[in-house]
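*Asks:* Got a predicted structure plus its sequence, pasted below:
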Amino acid sequence: MKILDITTKLKTIKETLPKDVTLVAVSKTKPESDILEAYNAGQRVFGENKIQEMAQKYASLPKDIKWHMIGHLQRNKVKYMAHFVALIHGVDSLKTLNEINKQALKHKRVINCLLQAKIAQEDSKFGLAFQEIEAILNSEELKSLENIAIVGLMGMASFTADLKQVESEFKSLNIFFSQLKASHPERSRRTKLKILSMGMSGDYQLALKCGSNMVRVGSRIFGERNYI
Ligand SMILES: *Cc1c(COP(=O)(O)O)cnc(C)c1O
């Protein structure tokens, strides 16, 4: 079997994506040369799950790259990305929003965030229950955070071969997202819900059918990851 290069794999995926869907190329653990290959093929949005790794790559790669933090956040490291991060996907507490706000203020920026919803069955997945998301959006505290904007939700489905299960998890998040948009019309800078980030290499096509408009694809573009 011929091994396809990054450019070809990227092109193949992009051709199947509707125009209004954003592709986040997940480059965690991958070398800068791989990112540059994707960049030269036109890709501008990249996702990383470790803040320091992302900061190093940001420093040496072209400045028109939009960097998305997709991993679980360590609050004490938010400061290392506050000057450049384009979107933070995995926010799961008001405490973390407070820290992001504080660091964003230092750089006179507004940082876009997604609240991570817990939709998977297994315990290991991070995220908020739907009621907790509503509580954050309705909280007085959020109103005082001038330097963050909650622009949508992110979810990860269960790691299972049972596609019916995955589909029902994606669907439940999409329904909740629609309800939230209806109950939180774009009346403030702090909540303009428009992004639904769902879907990875193995399930992004299913996620798209269930209403996703941002997919996070790694191994399908860059190949399997070798963890040390
Ligand atoms: C690693 C990762 C991805 C991409 O995973 P692939 O299966 O390689 O596409 C997507 N989302 C999150 C949150 C990740 O950590």
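*Replies:* Yep, that arrived.
*Asks:* Every contact and neighbour count from this point should use C-alpha atoms.
*Replies:* OK.
*Asks:* For the chain, what lies in contact range of the ligand?
*Replies:* Proximity of the chain to the ligand (Cα under 6 Å from any ligand atom) is limited to residues 26, 49, 70-71, 200-202, 216-219.
*Asks:* List the ones among those residues that fall in strands.
*Replies:* 26, 216-217 (DSSP state E).
*Asks:* Enumerate every residue touching Phe126.
*Replies:* Residues in contact with Phe126 (Cα atoms under 8 Å, 6 or more residues apart in numbering) are 72, 92, 116-118.
*Asks:* Leu145: what's it in contact with?
*Replies:* Contacts for Leu145 (Cα under 8 Å, 6+ apart) come out as 98, 101, 190.
*Asks:* The same query, at a cut-off of 10 Å, please.
*Replies:* Residues near Leu145 by Cα atoms under 10 Å, 6 or more residues apart in numbering: 97-102, 105, 110, 190.
*Asks:* Pull out the buried members of those.
*Replies:* 97-102, 105, 110, 190 (16 or more other Cα atoms under 10 Å).
*Asks:* Go ahead and list the helix or strand containing the spatially most central residue of the chain.
*Replies:* Closest to where the C-alpha atoms of the chain average out (Cα atoms, centre = their mean) is His89, at 3.6 Å. Using DSSP states H and E, His89 sits in strand 87-91.
*Asks:* Show me what the longest helix seen in the chain packs onto, helices and strands only.
*Replies:* Criterion DSSP state H: the longest helix present in the chain is helix 163-183. Here helix 163-183 touches strand 111-118, helix 130-138, strand 148-156, strand 191-198, helix 204-209, going by 3 or more Cα pairs under 10 Å, 6 or more residues apart in numbering; DSSP states H and E.
*Asks:* thinking Ser219 is in contact with Asp34, fair?
*Replies:* No. Counting by Cα atoms under 10 Å, Asp34 is not a contact partner of Ser219; they are 11.9 Å apart.
*Asks:* list the residues that contact both of these two?
*Replies:* Common neighbours of Ser219 and Asp34, using Cα under 10 Å, 6+ apart, are Ser27.
*Asks:* where does the protein have low pLDDT?
*Replies:* 1-3, 124-125, 186-189, 227-228 (pLDDT under 70).
*Asks:* returning to what we had before: any chance of the helices and strands packed on helix 163-183 in CSV, with mean neighbour count too?
*Replies:* Output for those, formatted as CSV (neighbours: other Cα atoms under 10 Å):
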stretch, mean neighbour count
strand 111-118, 25
helix 130-138, 15
strand 148-156, 24
strand 191-198, 22
helix 204-209, 19
